[in-house]
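A.B. asks: Fold the following and give me the result.
(one chain, ligands or ions: 1)
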Amino acid sequence: MRQLSIYIAALVSLFALAAYDPLSAEIEAGGSVNVDACSGDPTRLGVSRVVEIDSAGGPNVGGDMRGAQQLLNDGEVVLTFDDGPMRSVTKPILKALADQCTKATFFMVGQMALADAAMVREVAAAGHTVATHTWSHKNIRAISLAKSQQEIEAAISTVSQAKGTPVAPLFRFPYLNSTKQTESYLKGRNIAAIWIDVDSKDYMTRSPKVALQRILAQLAATKKGIILMHDIHAWTAAMVPDLLKELHDRGFKVVHFVPKGQIETIASYDEAAQKALAAKAAKKAANPIATRSIVWPMSPAPTPLEETDVAAVAVPGAKHKANRYKKVSTKPSITDGLTGETSETPAQAAKNKKAVKPKEPESVWPSFFN
Ligand SMILES: [Zn+2]
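C.D. replies: Numbering: from 1, shown residues only. Okay, here's the model as predicted:
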């Protein structure tokens, strides 16, 4: 009898073991997957290689820049997502990446990080590389060097403060537009500029299939490359699971870019970012519904010739192609740009519109956080 109960107990624990799948449990728990649970699973894309980017001296990496470091072998890709985080899109992308045990780099916009600091931390907690893409997605070629520096530093400090630890010293130029001066500035700051080899052009379509085909067609020609996508489009989130499956089935390997060194943030920007994040958190606590929706804070699009990374927000329900994208000015204050809220009455707005704006002072960066 005793032997029988031991036998039954053993059988019960065997069934319990068989039913427990640690990988599924971890994915269900929050999208972050333990590397050990993923390693050696040939059915998933995974990460084939981690490449440490030495950002000392601010190298150019990838793309067709003269002298840029080409770190990929044939068959290797790097997954990159710009312009977010935007919870409704970033979250399902994190899930898709976790399901395939793979890693990406997110080039975040400072204003977006301020709007949803928790999302920044979720991306980082899932093991992805968090880097920056300016404060408000300005076209660097259209603004002064001083303003460019403010755009760069405000993003670095805000995303770092939102994340809780410094971001990677990796930067992507909005619209892939740089100037010699800003490139020199990055070199002096020991920040690497990460360019692209394969452009999903997911801002030009609303079809996940079209964006996927663009990527696969370019990869067929290039055989490798840094892939540009945007985690602000619902159709991009819808595409990513299929892309990862196709990459796996076609034998591509994912390389994860991680920083070798640590970025040095600037104290004054850190301080302003802390204040802005605290103010944002207080505002959210006071009125969670009003601060929930986010409008992507887009700077005016560059001239068509320069348009390589068109920042755009889809207008829901837009029927005509020309109306698909709504241009949003970044002139308004941060809360206006991100939530659509405004404290102005129509009369005040009209008055403000009439008022002649003084020329921007030499140092305007604190206005980022007003
Ligand atoms: Zn962008």
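
A.B. asks: Model confidence for the residue of the stretch 101-250 of the chain found nearest the ion, exactly?
C.D. replies: The stretch 101-250 of the chain approaches the ion most closely through Pro174 (4.7 Å), counting by Cβ to the ion. C-betas here are computed from N, CA, C, even on glycine. Listed pLDDT for Pro174 reads 97.

A.B. asks: Nearest spatial neighbour of it, chain-adjacent residues omitted?
C.D. replies: His137 (4.6 Å; Cβ to Cβ, 6 or more residues apart in numbering).

A.B. asks: For the stretch of helix or strand Ala281 belongs to, buried residues please.
C.D. replies: For Ala281, the element it lies in under DSSP states H and E is helix 267-286. Neighbour-count burial for helix 267-286, with 16 or more other Cβ atoms under 10 Å as criterion, is recorded at 269-270, 272-273, 276-277, 280, 284.

A.B. asks: where does the stretch 101-250 of the chain have low pLDDT?
C.D. replies: Within the stretch 101-250 of the chain, no stretch has pLDDT under 70.

A.B. asks: residues in it within reach of the ion, list them.
C.D. replies: By Cβ under 5 Å from the ion, the part of the stretch 101-250 of the chain that sits against the ion consists of Pro174.

A.B. asks: can you give me the strands in the stretch 101-250 of the chain?
C.D. replies: Ranges of strands in the stretch 101-250 of the chain, per DSSP state E, counting those that start in this stretch, are 105-108, 129-132, 170-171, 192-194, 198-199, 225-230.

A.B. asks: before we move on, back to that, where does the residue nearest to Pro174 fall, phi/psi-wise?
C.D. replies: phi 60, psi 40 (degrees, to the nearest 10).

A.B. asks: what about it, how many neighbours?
C.D. replies: Other residues lying near His137 total 25 when counted by other Cβ atoms under 10 Å.

A.B. asks: Then Asp249?
C.D. replies: By the criterion of other Cβ under 10 Å, Asp249 has 9 neighbours.

A.B. asks: Would you mind measuring from it to Leu45?
C.D. replies: Per Cβ to Cβ, to the nearest Å, Asp249 is found 9 Å from Leu45.

A.B. asks: Show the end-to-end separation of stretch 54-65, please.
C.D. replies: Using Cα to Cα, to the nearest Å, one end of stretch 54-65 lies 17 Å from the other.

A.B. asks: Report the buried residues of it.
C.D. replies: Applying a neighbour-count criterion of 16+ other Cβ under 10 Å, one finds 55, 58-63 buried in stretch 54-65.

A.B. asks: and if you look at stretch 144-161?
C.D. replies: Buried-residue list, stretch 144-161, by 16+ other Cβ under 10 Å: 147-161.

A.B. asks: Out of these, list just those in helices.
C.D. replies: Mapping the buried residues of stretch 144-161 onto helices (DSSP state H) picks out 147-161.

A.B. asks: how near is Arg44 to Lys95?
C.D. replies: Computed with Cβ to Cβ, the distance linking Arg44 and Lys95 is 14 Å.

A.B. asks: Can you lay out the strands of the stretch 101-250 of the chain as a markdown table showing mean neighbour count?
C.D. replies: Output for these, formatted as a markdown table (neighbours: other Cβ atoms under 10 Å):
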| stretch | mean neighbour count |
| --- | --- |
| strand 105-108 | 28 |
| strand 129-132 | 26 |
| strand 170-171 | 25 |
| strand 192-194 | 27 |
| strand 198-199 | 22 |
| strand 225-230 | 25 |
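
A.B. asks: Determine which of these approaches Asp83 most closely.
C.D. replies: strand 225-230 (4.8 Å; Cβ to Cβ).

A.B. asks: And the closest one, what does it pack against?
C.D. replies: Here strand 225-230 is seen to pack against strand 76-82, strand 198-199, helix 208-222, helix 234-249 when contacts are counted using 3 or more Cβ pairs under 8 Å, 6 or more residues apart in numbering; DSSP states H and E.

A.B. asks: Need the CA coordinates for that strand. PDB is fine.
C.D. replies: Output of strand 225-230 as PDB, limited to C-alpha atoms (Å, rounded to 0.1, in the frame of the first residue of the first chain):
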ATOM      1  CA  GLY A 225      21.700  45.100 -42.500                       C
ATOM      2  CA  ILE A 226      20.300  47.400 -39.800                       C
ATOM      3  CA  ILE A 227      16.500  47.400 -40.300                       C
ATOM      4  CA  LEU A 228      14.600  50.600 -39.600                       C
ATOM      5  CA  MET A 229      11.000  50.400 -38.200                       C
ATOM      6  CA  HIS A 230       8.900  52.800 -36.200                       C
END
